[in-house]
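Undergrad: Everything below, folded, please.
(3 chains)
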Amino acid sequence: MANAAVFRTCPATGLKIHRPAEALIKANAVTAVVFLAVGGFFGLLVALTRWPAVHLLPADWFYLALTAHGLDVLLVWIIFFEIAILYFASAILLNSRLAAPKLAWVGFALMLAGAVITNVAVLQGGSSVMFTSYVPMKAAPHFYLGVILFAVGALIGCGIFFGTLVIARQERTYKGSIPLVTFGALTAAIIAVFTIASGAIILIPTLLWSIGLVSYIDPLMYKTVWWAMGHSSQQINVSAHVAVWYAIAAIVVGAKPLSEKVSRMAFLMYILFLQLASAHHLLVEPGISSEWKIFNTSYAMYLAVLGSMIHGMTVPGSIEAAQRKKGYTNGLFGWLAKAPWSNPAFAGMFMSLVLFGFLGGISGVVLGTEQINLIMHNTLYVPGHFHATVVAGTTLAFMAVTYLLVPLIFQRELVLKKVAQWQPYVFAVGVSGISLFMMGAGTLGVARRHWDIGFADSLLSFDYPATAFLMMGLNGLAAILAALGGLMYIVVVVGSILFGKRIGEQPAERPAPVPTEAAAVGAYGSAETLSIPGTVVLVGVFFTAFVLYYFVNWKYLSEVWPLQ
Amino acid sequence: MAISPPSQRIWWKEPIPKTELVWIIIAFLWGLVMFFMMIYWHIAGEQNLSNEAYRTTPEAFTEKTQAMVAQYTVRDEVGFPVVAPPPGSDVYLIARLWQFWPILEFKKDQTYRLHISSLDWQHGFSLQPVNINLQIHPGYEMVVTLTPDKAGEYSVVCNEFCGIGHHTMIGKIYVTE
Amino acid sequence: MSDTENPGVESSQADDGNEPIPFWQNVLDNPFLLLFLGVTIPTVLYVIWGVMEIVTIPLAK
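TA: Numbers count the residues shown, from 1 in each chain, chains lettered A, B, ... in the order given. Predicted structure coming up:
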């Protein structure tokens, strides 16, 4: 094994930390946060423009800002942070060295170069083609080149992750099976490989087309394969943030999965079927059969949704079990009331779980129902849905875990603890508003990616209902709140990294003690003595909401013009 | 702990807590309900896509549309022909930068075979305030058989981003008694 | 790996360290098998099936 000097032991958790891995985690996480700031800023501009009373940007700048917003937060912020998570879940959690750190730096450099090149292309103004860049609309060649470089860099990151799994097993740095969180990260990495391969298949010919070497790209073919990348990249997020939920629940309250088997099988459902949901974007497309649409949009009979519903019970269930073992057994929800709500890591994680399930999960399944998609496709309902999954779900979970990574990896105490404490709440309320108001506007038919729903410059006129304008205004207000939450996060994180009090180090090669919280809970899960009535109630409420909302939308559908 | 390896060497045989098992069964059955609901709606529901579509070219599609416009135009509105094709017939609607052409006039409760295609980029067909949304591709002709069931003035809003004039792209469909 | 500590021995049933690992646990412990499945299944069911649908769209009359 590598010599001791390249490892240190974390005084708080006893985890053995490989310094080159730590440096890579820092670099990827910091870059992620920078792009979150940039992309979030563009997002605020977009929301303020869509607020009819404000209508901030002119049309060309609006479409530019929207393209930049999508790229920087949906792709760059999230994938950089996910690479940090992959390195953490492999090297750190397995007490191992990271495979090929030099190559990992090459990957990092490619991703950074790609992200910068694409941003430059967008800011130059000739590539306002949206995140999706549907052909035959053409962007500048370096727009595609940047995305391809970014993807290659991310693929290297996945390779490093798999390499580290192999090394850790060979060098026996852990016993038995990999931890559940690492298994979740593995799920994310597997989906990432499919995602990036699909991206390469479609973007490389598109790059050649943009410089004139290929004469024609079929738009339907492009869209089908592009979404194998575009939607699957969001499934990387789902897997990664579920892994983060388990990690935070374990670290903060000492929760242990109710059953390893069930949680891992739920991740297996993701590995096998989650990517099929790329079909959500092709439900009202010409010429693709309903058999293909129904099978793929339902993730093979909703088996991946089954996976999510399992996580949705086992994560709060494991928290409840852990809390009850600590003696918080009052009534149905005493365990929840006594949870560490002032710890931003816990608060962020729990709100991410609830919002992802109630807002993002339910709306996603409804939106992805073949026929119901007819009344929602390309309306604001779609961004309403994915702001609940990617922002309230993934971004909030990643913010939450940052509050643990700062002391663990950056070895700094948090500054502005009060601000940190409030941050998840401000952000969660803002983002919930964004998703709800956009979904509301979408239900009223308001188009997404649209500069002027008043149609002032059109020959023909049309007015959306007044409620739709109200929704867009409320969406603007919610966006300001979310932006404030985002700013609080960035101030706390950057401030802590630069000015936080240093946390002392201990020499490496000390035997790693079991984290204290975990010891208190005991080695076994919660299976034998387990009773989780509070979670059962929560899950019951969720299920009722799900069923009602699902059928309400069938009712809405049945009221539109008959068509076959 | 989820961040450390499972404490048992063989965790596969660990019993599943009963509440968890019940939830898995409920969630699985609910998934089946949702899956078969889509199939059921194809049989019993009135809002389905036939997936009838053809490969076409901008020239061929323009030609067919112009033939229809030449035959059935009833009046002119801000430069757009208003076309009232007979019930049951094939109706063509062009999407292009940045208009829907021509304006259509349907009769209530009559059925029409609407063909839509784009001459340039992708567009969105968002019929408001009914709220039916379809994707329009260049090179593909999508056929939708629809039956307007309420008279009135409807707008077709483009809801797929198609460049700087995207937000001005609206079409009209009239439904008369 | 065959070494075992069994910290949770109080409720583990008959795990003497020699019992063979169950099939499904082996599957879940094999990242490259999972990688293969996770890439192949969507490639076949989503990409290849989808592309076949598109190339078989007939020409307009």
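Undergrad: Check the secondary structure at residue 25 for me.
TA: Reading this off chain A. The three-state assignment at A:I25 reads helix, by DSSP: H, G, I helix; E, B strand; the rest coil.
Undergrad: wrong chain, I was asking about chain B
TA: Per three-state DSSP, B:I25 ends up helix.
Undergrad: How much space separates it from A:T173?
TA: Distance of B:I25 to A:T173, computed by CB to CB, to the nearest Å: 38 Å. (Glycine included, C-beta is placed from N, CA and C.)
Undergrad: Which of those two has more residues huddled nearby?
TA: A:T173 (17 against 10; other CB atoms under 10 Å in any protein chain shown).
Undergrad: That one contacts A:I92, correct?
TA: No. Contact criterion CB atoms under 8 Å: A:T173 and A:I92 do not qualify, at 10.8 Å.
Undergrad: partners of B:Y54 in the sheet?
TA: Taking DSSP bridges as the rule, B:Y54 bridges to B:E141.
Undergrad: Look up how far B:Q66 lies from it.
TA: 18 Å.
Undergrad: Between those two, which has more neighbouring residues?
TA: Each of B:Y54 and B:Q66 has its neighbours counted (other CB under 10 Å); B:Y54 has more, 20 against 15.
Undergrad: Secondary structure element for the residue most central in space within chain C, which one?
TA: With distances taken as CA atoms, centre = their mean, chain C has C:L34 as the residue nearest its mean C-alpha position (3.9 Å). C:L34 is part of helix C:31-42, with elements assigned from DSSP states H and E.
Undergrad: so, in contact with chain B or not, that helix?
TA: No. Helix C:31-42 is not in contact with chain B by CB under 8 Å from any CB of the partner chain; minimum separation 14.3 Å.
Undergrad: mean confidence for that helix?
TA: The average pLDDT for helix C:31-42 rounds to 97.
Undergrad: Centre of the chain to that helix, how far?
TA: Computed by CA atoms, centre = their mean, to the nearest Å, the chain-centroid distance of helix C:31-42 equals 6 Å.
Undergrad: Can you name the next helix or strand after it?
TA: helix C:49-55.
Undergrad: does any bit of that following helix sit next to chain B?
TA: No. Helix C:49-55 does not reach chain B (CB under 8 Å from any CB); its nearest approach is 8.9 Å.
Undergrad: now stretch A:543-554
TA: Yes. Interface with chain B: stretch A:543-554 contributes A:543, A:546-547, A:550, A:554 (CB under 8 Å from any CB).
Undergrad: Could you find the closest non-adjacent residue to A:F546?
TA: A:I362 (5.1 Å; CB to CB, 6 or more residues apart in numbering or on different chains).
Undergrad: correct me, but the one you found touches A:L548?
TA: No. Applying CB under 8 Å as the test, A:I362 and A:L548 come out as separate, 9.6 Å apart.
Undergrad: the more surrounded of the two?
TA: A:I362 (19 against 11).
Undergrad: Which neighbouring elements make contact with the helix or strand encompassing the more buried one?
TA: Per DSSP H and E, A:I362 falls inside helix A:362-367. For helix A:362-367, the elements it packs on are helix A:381-386, helix A:533-558, judged by 3 or more CB pairs under 8 Å, 6 or more residues apart in numbering or on different chains; DSSP states H and E.
Undergrad: residue contacts, A:V122?
TA: With contacts taken as CB atoms under 8 Å, 6 or more residues apart in numbering or on different chains, A:V122 has the following neighbours: A:64, A:67-68, A:71, A:128, A:143.
Undergrad: Check A:A420 too.
TA: So A:A420 contacts A:344, A:403, A:414, A:488, A:492 (CB under 8 Å, 6+ apart).
Undergrad: Hmm, A:W422 and the last one touching each other?
TA: No. Under the criterion of CB under 8 Å, A:V492 makes no contact with A:W422, lying 10.0 Å away.
Undergrad: out of the two, which sits in the busier spot?
TA: Taking neighbours as other CB under 10 Å, A:V492 and A:W422 compare with A:V492 leading, 26 against 17.
Undergrad: Next one: that one relative to A:F346, how far apart?
TA: 16 Å.
Undergrad: and what of A:G430?
TA: Applying CB to CB to A:G430 and A:F346 gives a distance of 19 Å.
Undergrad: what does A:E22 give?
TA: 24 Å.
Undergrad: which one is A:Y550 nearest to, not counting chain neighbours?
TA: Nearest one to A:Y550, counting by CB to CB, 6+ apart, is A:V366 at 5.8 Å.
Undergrad: Run a quick neighbour tally on the one you found.
TA: The number of residues near A:V366, taken as other CB under 10 Å, comes to 22.
Undergrad: Could you pick out the buried ones from the residues of stretch A:543-554 next to chain B?
TA: A:543, A:546, A:550, A:554 (16 or more other CB atoms under 10 Å in any protein chain shown).
Undergrad: which two from these end up farthest apart in space?
TA: Largest separation among these by CB to CB: A:F543 and A:W554, giving 17.2 Å.
Undergrad: Cool, thanks, talk later.
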